[in-house]
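S.K.: no sequence for this one, just the structure:
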């Protein structure tokens, strides 16, 4: 029972990790919470779901979800963030909140407010390893997350564009003096963040076998909690906090009941904010500013 | 002339920091901008680099520069090492140097230059895996200068490079600046340490409250008693 819950928790935690990483990338570059990410996650899920329903192969559906959410994220940056860059931080955040509501409205009107279900045959086979049953979709979710996180880590740490991204995050003016187009890098950060949210959306739709326009609110808020717990100034905090929260949540539901699930997760977030505001991996000080 | 500014005016809101300044820098020349705090020296350097809006005209190799166009100016060959060094403290020394070749098309040559730079300044080679924030002030200035040189500038703008440095580090740095002349680089050097700066500069402009009040060959300015009393703290 415990092992089964751990596997289920790690699967959920993988989704949280991807989504928290998506929040962290924009937070690290711009210092703002892009509230539309939760709905980009949902939109990505719908794009993927639609492609699956149209009998496209799974990799195409995943890429479609990523691309759809990335394009939506770039539009949000162009329309809702770039013109407000000089404004106080709360202004672009409110703008992303507006986009979040619009995206949910678009999804409701386009796909309807009732949940869409994946056909049973699509949920794949189950494997039994000792006392644990692992679904094919769980393996895909965890495997895809490991691959994507590795790719993001490699891009940010080892490539020229990743270095430029970190330069913009650390000091926008200095990065301009090195020839880095900070505006273009900001757009790239939004696109990368959107792509991660999109793929997380497709994966959660596969994991649950269903999707609704309200999926983003619940999971998205949970991902914000994961980002805070991991450390908003360190994107790698999500790697630790995602699986941790996934496992804690599943164990809470299994042994304490679903009615206390959110109490435990958000209570943990508040505890972290009070005792270690920089998060688990946020460094020794909370005032270090942005980081990617 | 590699750089010509005519009637340069820069405002911060209601405050005019630079008032109709004319400046020329020739190929391979080291030109100093000297003056007290608030004279407008750094503002001029930042406007030329493309970090500030300005009025008037700045021409680089005969081409008019647009205000606030820093990214493109780097690609043109205008590189500013800002006041406070502008190192990326969370990156390693080597990553900072790698950012110096960000705009270069000849990446493999750039990587070879990066290695040569670590040999030219061995302390940077020894500390290449350290976070740049862990370097001393003098080492950070050296890193910022080396990074700027790696982007192959034709016009190097150095804003108060000796600020906060010990005399020995300052002397070493001024030696490095003098070496750049041999490499054919043009340098616009913003400084408060006037006497030391005039020893490495070919020409200088002396600024007060956003205006040029004197200019000429560095040696002549050192010998001018009026300039010496006003800017160099008397004959020394």
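M.R.: All right, it came through fine. Predicted model, so just to flag it, every value in this text is computed and none were measured.
S.K.: Would you tell me what helix or strand the residue nearest the centre of chain B is located in?
M.R.: In chain B, the residue lying closest to the centroid (CA atoms, centre = their mean) is residue B:158, at 1.4 Å. With secondary structure defined by DSSP states H and E, residue B:158 is part of strand B:155-159.
S.K.: Get me the contact residues on chain B for chain A.
M.R.: Counting by CB under 8 Å from any CB of the partner chain, chain B comes close to chain A at B:49-51, B:70-71, B:74-75, B:79-80, B:82, B:86-91, B:95, B:98-100, B:102-103, B:147, B:151. Using the backbone N, CA and C atoms, a C-beta is placed for each residue, glycine as well.
S.K.: let's go with 6 Å and repeat that
M.R.: Residues of chain B found near chain A (CB under 6 Å from any CB of the partner chain) are B:70-71, B:74-75, B:80, B:86, B:88, B:90, B:95, B:99, B:102-103.
S.K.: can I get the residues you listed in a markdown table with pLDDT?
M.R.: Below are these laid out as a markdown table (pLDDT from 0 to 100):
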| residue | pLDDT |
| --- | --- |
| B:70 | 96 |
| B:71 | 95 |
| B:74 | 96 |
| B:75 | 95 |
| B:80 | 97 |
| B:86 | 93 |
| B:88 | 96 |
| B:90 | 91 |
| B:95 | 96 |
| B:99 | 96 |
| B:102 | 96 |
| B:103 | 95 |
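S.K.: and those, which two are the farthest apart?
M.R.: Farthest-apart pair in those is B:75 and B:90; separation 25.2 Å (CB to CB).
S.K.: Among those two, which residue is more densely surrounded?
M.R.: Between residue B:75 and residue B:90, counted using other CB atoms under 10 Å in any protein chain shown, the more crowded position is residue B:90 (21 against 13).
S.K.: and the more buried one, that one's in a helix?
M.R.: No - if the criterion is DSSP: H, G, I helix; E, B strand; the rest coil, then residue B:90 is coil and not within a helix.
S.K.: how close does it sit to residue B:96?
M.R.: Residue B:90 sits 10 Å away from residue B:96, going by CB to CB, to the nearest Å.
S.K.: repeat for residue A:148
M.R.: Distance of residue A:148 to residue B:96, given as CB to CB: 28 Å.
S.K.: who's more crowded, the two?
M.R.: Between residue A:148 and residue B:96, counting by other CB under 10 Å, residue B:96 is the more crowded of the two (29 against 21).
S.K.: okay but that one is in contact with residue B:89, surely?
M.R.: No - if you go by CB atoms under 6 Å, residue B:96 and residue B:89 don't touch, sitting 8.9 Å apart.
S.K.: Please identify every residue contacting each of the two.
M.R.: Common contact partners of residue B:96 and residue B:89 (CB atoms under 6 Å, 6 or more residues apart in numbering or on different chains): residue B:132.
S.K.: residue boundaries of the strands in the stretch 51-200 of chain A?
M.R.: Using DSSP state E, counting those that start in this stretch, the strands assigned to the stretch 51-200 of chain A run over residues A:116-117, A:126-129, A:132-135.
S.K.: helices or strands up against the shortest one?
M.R.: By that I understand strand A:116-117. Strand A:116-117 sits against no helix or strand, with contacts defined as 3 or more CB pairs under 6 Å, 6 or more residues apart in numbering or on different chains; DSSP states H and E.
S.K.: Check the second one too.
M.R.: With contacts defined as 3+ CB pairs under 6 Å, 6+ apart, the secondary structure elements packing on strand A:126-129 are strand A:132-135.
S.K.: List the buried residues for the strand it packs on?
M.R.: A:134-135 (16 or more other CB atoms under 10 Å in any protein chain shown).
S.K.: pLDDT of it, averaged?
M.R.: Averaged across strand A:132-135, pLDDT comes to 88.
S.K.: what's the offset of that strand from the middle of its chain?
M.R.: With CA atoms, centre = their mean, to the nearest Å as the basis, strand A:132-135 stands 24 Å off its chain's centre.
S.K.: same question, stretch B:184-202
M.R.: For stretch B:184-202, the distance to the chain centre is 9 Å (CA atoms, centre = their mean).
S.K.: residue in the stretch 1-150 of chain A nearest to chain B?
M.R.: Nearest residue of the stretch 1-150 of chain A to chain B (CB to the nearest CB) works out as residue A:28 at 11.0 Å.
S.K.: burial measure for that residue, as a count.
M.R.: Here the count is done by other CB under 10 Å, and residue A:28 has 24 residues near it.
S.K.: where does the stretch 51-200 of chain A dip in pLDDT?
M.R.: Under the criterion pLDDT under 70, the flagged ranges of the stretch 51-200 of chain A are A:121-123.
S.K.: tell me which residues of stretch A:93-113 are tucked away?
M.R.: A:93, A:95-96, A:99-100, A:103-104, A:107, A:111.
S.K.: Surely residue B:78 touches residue B:152?
M.R.: No - counting by CB under 6 Å, residue B:78 stays clear of residue B:152, with 11.4 Å between them.
S.K.: Between these two, point out the one with more neighbours.
M.R.: Neighbour totals were compared for residue B:78 and residue B:152, and residue B:78 leads with 28 against 18 (other CB under 10 Å).
S.K.: and the more buried one, what are its phi and psi?
M.R.: Here is the backbone geometry of residue B:78 (degrees, to the nearest 10): phi -100, psi 120.
S.K.: Where does the stretch 51-200 of chain A get nearest to chain B, residue-wise?
M.R.: residue A:179 (3.5 Å).
S.K.: Confirm for me that that residue is in contact with residue B:70.
M.R.: No - with contact defined as CB under 6 Å, residue A:179 and residue B:70 do not form a contacting pair (8.2 Å).
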